[in-house]
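[1] Coordinates for the following, if possible.
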Amino acid sequence: NAMVEPSVTGTDFSSENGDLRTQASTVGLDNPNTPSGSVIASAVSAAAHGGGTTRAVKAQELTAEVVSELCNAFCRDTRENINSTSADKYRHALITNASETSIRLQHLRLGMHSGVCLSKVVKNHPLLTLDLYGNVLRDVGAVALLQLIRSHETLRHVNLGCNDLGTESGNALAVELKNNTRLQSLDLGTEGGA
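    Residues are numbered from 1 along each chain as shown. Modelled structure (predicted):
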């Protein structure tokens, strides 16, 4: 078995978003008593304990409940009503762009709530590729996804390009790349490598 060196393409850390702890605290993500905070705390705990207990998740299990959870997170990010046209388009994008091994949700205005929710609902899914290019995850959403990257057994390719990531999340992802032997590619750049 030849070991594949993980690669990073792009280095677009252009925003000045401040300290991650301050951001997480501002939105309640550091509090394990809030729904989002418990997701972060669970992800950190699972990563610290070798991923915790996992069970196989079949594609059929990613049903209306998961779609509903992801749509609710999308609506919190975009301040849209769950019955809006935007929410319907997002539901359609989930159904058409998510398969058993790949999730591709580009240019959908996914923010930190979607990042936290995705890290929770796909943590036991046999995912190879997660492509979230062109959203607005920012540092808080990227940190939630970092926990997914750290503990996920099958995830090999991640695209977080054009997500308004700051230096803090960029540095945290770089450190993770040094220690992660499973991830083969992490794209943080912009189209055309600019």
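
[2] Output the below-cut-off pLDDT ranges for this structure.
    Across the chain, the ranges flagged by pLDDT under 70 are 1-63, 192-194.

[3] rerun at 80
    The model of the chain has pLDDT under 80 over residues 1-63, 191-194.

[4] What ranges does it have for its helices?
    Along the chain, counting by DSSP state H, helices occupy 20-26, 35-48, 64-78, 85-97, 112-121, 138-151, 167-179.

[5] contacting residues around the closest residue in space to Asp187 that isn't next to it in sequence?
    Leaving aside its sequence neighbours, Asp187 sits nearest to Asn159 (CB to CB, 6 or more residues apart in numbering; 4.2 Å). Using the backbone N, CA and C atoms, a C-beta is placed for each residue, glycine as well. By CB atoms under 8 Å, 6 or more residues apart in numbering, the contact list for Asn159 reads 129-133, 186-187.

[6] Restricted to strands, list those residues.
    129-131, 186-187 (DSSP state E).

[7] Tell me the one of those nearest Val67?
    The nearest member of these to Val67, counting by CB to CB, is Leu130 at 16.6 Å.

[8] Check whether the closest one really touches Thr154, as I assumed.
    No: Leu130 is not in contact with Thr154 according to CB atoms under 8 Å; the separation is 10.7 Å.

[9] Those two: who's more crowded?
    Higher neighbour count among Leu130 and Thr154: Leu130, with 23 against 12, using other CB atoms under 10 Å.

[10] how much space is there between that one and Asn81?
    Applying CB to CB, to the nearest Å, the value for Leu130 to Asn81 is 27 Å.

[11] mind checking which of the helices of the chain is nearest Leu105?
    Set against Leu105 and scored by CB to CB, the helices of the chain come closest in helix 85-97, at 5.9 Å.
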